[in-house]
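In: what would the 3D arrangement of this be:
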Amino acid sequence: MPEYDSRALWEKLILDGFQAGLSWITILKKRENFREAFAGFDPNIVAGWGEEEIERLLQNPGIIRHRGKIGATITNARVWQSIEQEQGFDRYLWGFVGGSPIQNSWRTLDEVPAFMELSTQVSKDLKKRGFKFCGPTIVYAFMQAVGMINDHLVTCPRHEGVKKLVR
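Out: Numbering: from 1, shown residues only. Prediction:
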């Protein structure tokens, strides 16, 4: 489903980063714990955190306790602030697809790629700006999750519905 809220986009990108190397269901089961632990995924709050908050989060069994991913979340909040102030995180991301979701027409799951040239481009730009845990595969999954890419199979009832949600 297309998502255009800057804060919600940041939350989803962070959760996709935490998912790296794990099953998505693991993240979904812990999503509310993540929201509580990361101040409702308010990047303006998280950006001010430091080592004390990292240590607190490393003790929280309700989330993925990975020092690198937790530290990256704080760094990514600071980068989010910069992009948000510069042009809006939503406009920045949606600019990669011209403001409208890419409409794919896959017939089987075997056709759906793990990443594409565009997700590699977005990943490189995010990294250049300082983001972490945002490789091409993570970014592709994120772009699918936020509706920047409609990868619902053509046989899926959601394919046409999502196609009609284009702004």
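In: first to last residue in stretch 84-94, what's the distance?
Out: Criterion CA to CA, to the nearest Å; first-to-last residue distance in stretch 84-94 is 13 Å.
In: mind listing what's buried in it?
Out: By neighbour count with 16 or more other CB atoms under 10 Å, stretch 84-94 contains the buried residues Glu84, Phe89, Asp90, Tyr92, Leu93, Trp94. Where you see a C-beta, it was placed from the backbone N, CA and C, and this is true even at glycine.
In: of those, which belong to strands?
Out: With DSSP state E as the criterion, strands contain none of the buried residues of stretch 84-94.
In: Throw these into CSV and include pLDDT and distance to Arg67, thanks.
Out: Converted to CSV, the buried residues of stretch 84-94 look like this (pLDDT from 0 to 100; distance: CB to CB, whole Å):
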residue, pLDDT, distance to Arg67
Glu84, 98, 26
Phe89, 98, 25
Asp90, 98, 29
Tyr92, 98, 28
Leu93, 98, 27
Trp94, 97, 32
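In: specify which member of those is nearest to Ile25.
Out: Distances from Ile25 to the buried residues of stretch 84-94, taken as CB to CB, are shortest for Leu93 (25.2 Å).
In: the nearest residue to the closest one once chain neighbours are set aside and Ser23, how far apart?
Out: Closest residue to Leu93 apart from its sequence neighbours, by CB to CB, 6 or more residues apart in numbering: Leu9 at 5.9 Å. Distance, Leu9 to Ser23, by CB to CB, to the nearest Å: 22 Å.
In: ok, these two, which is more surrounded?
Out: Set side by side, Leu9 and Ser23 show more neighbours around Leu9, with 21 against 9, by other CB atoms under 10 Å.
In: would you confirm that the more buried one contacts Asp16?
Out: No: Leu9 is beyond contact range of Asp16, at 10.7 Å (criterion: CB atoms under 8 Å).
In: show me where the chain has helices.
Out: Here the chain has its helices, by DSSP state H, at 6-19, 24-37, 43-46, 51-58, 67-86, 89-95, 117-129, 136-145, 157-163.
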